[in-house]
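Chemist: Predicted model, plus sequence, below.
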Amino acid sequence: MIAHTPTLFACVALVATIMAFCLILVGQFNRGDSLLTIGFGLLAHALAYVGYTFYGHAPLWFTYGVANTLLAVALAFYGASVFRIVELPVAWWRAFAPAVLMAVLMASLIDTLEPRMLAATFVLMLQCALIIYWTLRYIPAQGRARLLLIIGSSISLIGLGMRVVAVFGGGAAEMRYDVSNLKQTISVSIGTFTAMMISLGLVLLSKERSESRFQYLALRDVLTGILNRRAILEQFATELERARRDGSSLAVAMVVIDHFKQINDVHGHLAGDEVIVHCAAHLSQRLRQSDSIGRYGGEEFLLLLPGTSPEGAVAVLDELRASLADTPAGYGASSIAARISIGVCCGVPGACDTTASLLARADAALYEAKGMGRNTLRLAPPLSGEGDASFSPV
């Protein structure tokens, strides 16, 4: 079926205008989600197709030169949106350099037919290739938006490639914007389809990133940035099940900042917050990648050390206690000493061991450590099924 080419252009311009209006309107309320940038891209896309619609009825510099430059600007906005959505610095010059090149080429080649068609097509192909490259490099592989962007840009390359083949085959006149034939219908339809795919892919990418950010924040403690109570307990359940399944040892440590109320009373609550942040950062930086730390309560932390023997857990955690004691927290011009007490439960969990029972054992060991004068570590008795082995408390 052969469609009337100017009518196709007009339809695309109308749809793109409506989408651009919606995204720009919504993007005003939250400029961090990059919908505004995508909306500007769609607006440039719509204006480009308005220019194509009037091809043959308005000056060539407008209907071809300006229109193709606007289309290059639209693709530049799409490329910049990829960087903004994934929260990377936008290299605006790199995104818009092809649009500038398009403007220069159109100004110098506007009075030609085949050279200007090839120049415009190759610049647009370059931009589609850049979008594919940036998508592959910066967007996680598991996202659905990534697939839309790659497919949309790839099909666009096919549509643009059809124009190149037509020009080299001597059919440049058949690809004029005021000509209606099967090749033109297929080429314009592909361009229309891919424009929608790219813009929708970017919107979906923005949505996926927002959901990922909200999920991350829901699992993080606001003050310290480490796992919150809910998240560390979920991680605890996972590690317990893995240790029980593999028959491996799991160390569970309850850590509390000593005399924290006194720190608040003497230095103020803001200083107390700084001490909590300092302790969380100190502990986090010295744990293995496989270990986990979460804020269990006000000044309490829960540490999980999978695959760690009782001796190894005692050695690691006591080194953490000693190093923190030698590293005071800074608050303004003040230096605040931070001491911690630790209760550890370690061993191969059995069928009857639960997160609650292991926490209770670690908490009981912590209570003993505090009773021994604080700034110390206490190891709980071995788990059931561990035999009669005993370990000397520190």
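Modeler: The structure has been received and is ready for your questions.
Chemist: Buried ones in the helix or strand of the chain with the lowest mean pLDDT, by neighbour count?
Modeler: Ranking every helix and strand in the chain by mean pLDDT, DSSP states H and E puts helix 182-218 at the bottom, with a mean of 81. By neighbour count on 16 or more other C-beta atoms under 10 Å, the buried set for helix 182-218 is 183-185, 187-188, 190-192, 194-206, 208-209. Yep, even glycine has a C-beta here, placed from its N, CA and C like the rest.
Chemist: Then stretch 152-161?
Modeler: 152-153, 155-157, 159-160.
Chemist: now swap in stretch 284-296 and tell me
Modeler: 284, 287, 291-296.
Chemist: Do a quick rundown of the helices in the protein.
Modeler: 5-27, 35-53, 60, 67-85, 92-109, 114-138, 144-168, 182-218, 229-246, 260-267, 269-285, 310-325, 355-371 (DSSP state H).
Chemist: Which one, of those, ends up nearest to Tyr331?
Modeler: helix 269-285 (4.3 Å; C-beta to C-beta).
Chemist: returning to that earlier point: which secondary structure elements does the least confident helix or strand of the chain sit against?
Modeler: Where contact means 3 or more C-beta pairs under 8 Å, 6 or more residues apart in numbering; DSSP states H and E, helix 182-218 is packed against helix 5-27, helix 35-53, helix 67-85, helix 144-168.
Chemist: Need the winner for burial among these.
Modeler: Sort the helices and strands packed on helix 182-218 by mean neighbour count, taking mean count of other C-beta atoms under 10 Å, and helix 67-85 sits at the top with a mean of 26.
Chemist: Contacts for stretch 186-197 next, please.
Modeler: Stretch 186-197 has contacts (C-beta atoms under 8 Å, 6 or more residues apart in numbering) with 3, 5, 8-9, 11-12, 15-16, 45, 74, 148-149, 151-153, 155-156, 158-160, 162-163, 175.
Chemist: go on, stretch 155-175?
Modeler: Under C-beta under 8 Å, 6+ apart, the answer for stretch 155-175 is 113-114, 117-118, 121-122, 124-125, 128-129, 179, 181, 183-184, 186-187, 190-191, 193-195, 197-198.
Chemist: follow-up on the earlier one: tabulate the buried residues of stretch 284-296 in CSV, adding columns for pLDDT and distance to Ala20.
Modeler: Listed next are the buried residues of stretch 284-296 as CSV, based on pLDDT from 0 to 100; distance: C-beta to C-beta, whole Å:
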residue, pLDDT, distance to Ala20
Ser284, 92, 44
Leu287, 92, 48
Asp291, 94, 49
Ser292, 94, 45
Ile293, 95, 46
Gly294, 95, 44
Arg295, 95, 44
Tyr296, 94, 49
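Chemist: Keep only those of those that are in strands.
Modeler: If you go by DSSP state E, the buried residues of stretch 284-296 have 292-295 in strands.
Chemist: quick check, nearest of those residues to Gln142?
Modeler: Nearest member of those to Gln142, counting by C-beta to C-beta, is Ser292, at 22.5 Å.
Chemist: OK, contacts around that closest one?
Modeler: By C-beta under 8 Å, 6+ apart, the contact list for Ser292 reads 227, 232, 235-236, 239, 303-304.
Chemist: export those to a markdown table and tack on pLDDT?
Modeler: Putting these into a markdown table (pLDDT from 0 to 100) gives the following:
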| residue | pLDDT |
| --- | --- |
| Leu227 | 94 |
| Ile232 | 94 |
| Gln235 | 95 |
| Phe236 | 95 |
| Glu239 | 95 |
| Leu303 | 96 |
| Leu304 | 96 |
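Chemist: okay, among the residues you listed, which ones form the most distant pair?
Modeler: Largest pairwise distance in the contacts of Ser292, by C-beta to C-beta, is 12.2 Å, between Leu227 and Glu239.
Chemist: Please write out the alpha-carbon positions of stretch 245-261 in PDB.
Modeler: Taking Å, rounded to 0.1, in the frame of the first residue of the first chain, the C-alpha atoms of stretch 245-261 are listed here in PDB:
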ATOM      1  CA  ARG A 245      22.000 -25.500  52.900                       C
ATOM      2  CA  ASP A 246      25.800 -25.400  52.300                       C
ATOM      3  CA  GLY A 247      26.800 -26.500  55.800                       C
ATOM      4  CA  SER A 248      29.000 -23.400  56.200                       C
ATOM      5  CA  SER A 249      29.700 -21.300  59.200                       C
ATOM      6  CA  LEU A 250      27.900 -17.900  59.700                       C
ATOM      7  CA  ALA A 251      29.000 -15.200  62.100                       C
ATOM      8  CA  VAL A 252      26.400 -12.800  63.400                       C
ATOM      9  CA  ALA A 253      27.600  -9.800  65.400                       C
ATOM     10  CA  MET A 254      25.700  -7.200  67.300                       C
ATOM     11  CA  VAL A 255      27.600  -4.000  67.700                       C
ATOM     12  CA  VAL A 256      26.700  -1.100  69.900                       C
ATOM     13  CA  ILE A 257      28.400   2.300  70.400                       C
ATOM     14  CA  ASP A 258      29.500   2.600  74.000                       C
ATOM     15  CA  HIS A 259      28.100   5.400  76.200                       C
ATOM     16  CA  PHE A 260      26.200   6.900  73.300                       C
ATOM     17  CA  LYS A 261      23.800   8.800  75.500                       C
END
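Chemist: how about that stretch: buried residues?
Modeler: Buried residues in stretch 245-261 (16+ other C-beta under 10 Å): 249-260.
Chemist: So which of those residues are in strands?
Modeler: Going by DSSP E, the strands hold 250-257 from these.
Chemist: quick one: pLDDT of the closest residue to Leu233 other than its chain neighbours?
Modeler: With sequence-adjacent residues excluded and distances taken as C-beta to C-beta, 6 or more residues apart in numbering, Leu233 is closest to Thr355, at 6.6 Å. If you check Thr355, the pLDDT there is 94.
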